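Asker: Make a model of this:
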Amino acid sequence: MREQWARNIAMVTGVLIVLLAMLFAKIHNPSVPSRDVMGEAVREPPPSAVLPEADPDKQALIASGRNVLEAQSCLGCHSIAAEGNPRFPLDGVSQRRSAGAIRQWILGSDELKDQLPSGAFQIKQAYRHLPPEDINALVSYLQSI
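Answerer: Now for the predicted structure:
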């Protein structure tokens, strides 16, 4: 009899854990599309398609920055246009930070040590090995979104 109760309790506990995990995932990863004024679903273009009208050299630099973002798996921690980890969105970062400040955040400058969790600070410091051209391209891309 005790074994049957133990199995039942274990099964109910497992089901509750799965249901709570599904609820948590639904809350933190909403799939509701944006709506326009008329209530129609609006599909945003992918971030790589949102390039400002600029000279070809600037566009190439921005495209290179998107490649650096993808190569460094930045979307594992950040999101852009609902792509990636929604916890730390980078949309509109150019309105909040200057190019120099964006560069400091990417590289985890020493001034930011108290503002970042230690794990994030260490991850960002690892980007210091990237060539300056890649950092410049990434900053240009982030300023363009």
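Asker: in this protein, which helix has the most residues?
Answerer: Using DSSP state H to define each element, the chain has its longest helix at helix 2-28.
Asker: how far is it from where the chain is centred?
Answerer: 30 Å (Cα atoms, centre = their mean, to the nearest Å).
Asker: how far away is the residue most central in space within the chain from Val15?
Answerer: For the chain, the residue nearest the mean C-alpha position is His78 (1.5 Å; Cα atoms, centre = their mean). For His78, the distance to Val15 equals 34 Å [Cβ to Cβ, to the nearest Å]. Quick note: C-beta positions are derived from backbone N, CA and C, even for glycine.
Asker: buried ones in stretch 96-108?
Answerer: Arg97, Ile102, Arg103, Gln104, Trp105, Ile106, Leu107, Gly108 (16 or more other Cβ atoms under 10 Å).
Asker: Please narrow those residues to those residing in strands.
Answerer: In strands, judged by DSSP state E, none of the buried residues of stretch 96-108 are found.
Asker: Please convert these to TSV, extending it with pLDDT and distance to Asn67.
Answerer: Below are the buried residues of stretch 96-108 laid out as TSV (pLDDT from 0 to 100; distance: Cβ to Cβ, whole Å):
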residue	pLDDT	distance to Asn67
Arg97	88	22
Ile102	91	17
Arg103	91	18
Gln104	90	22
Trp105	88	19
Ile106	91	15
Leu107	89	18
Gly108	87	21
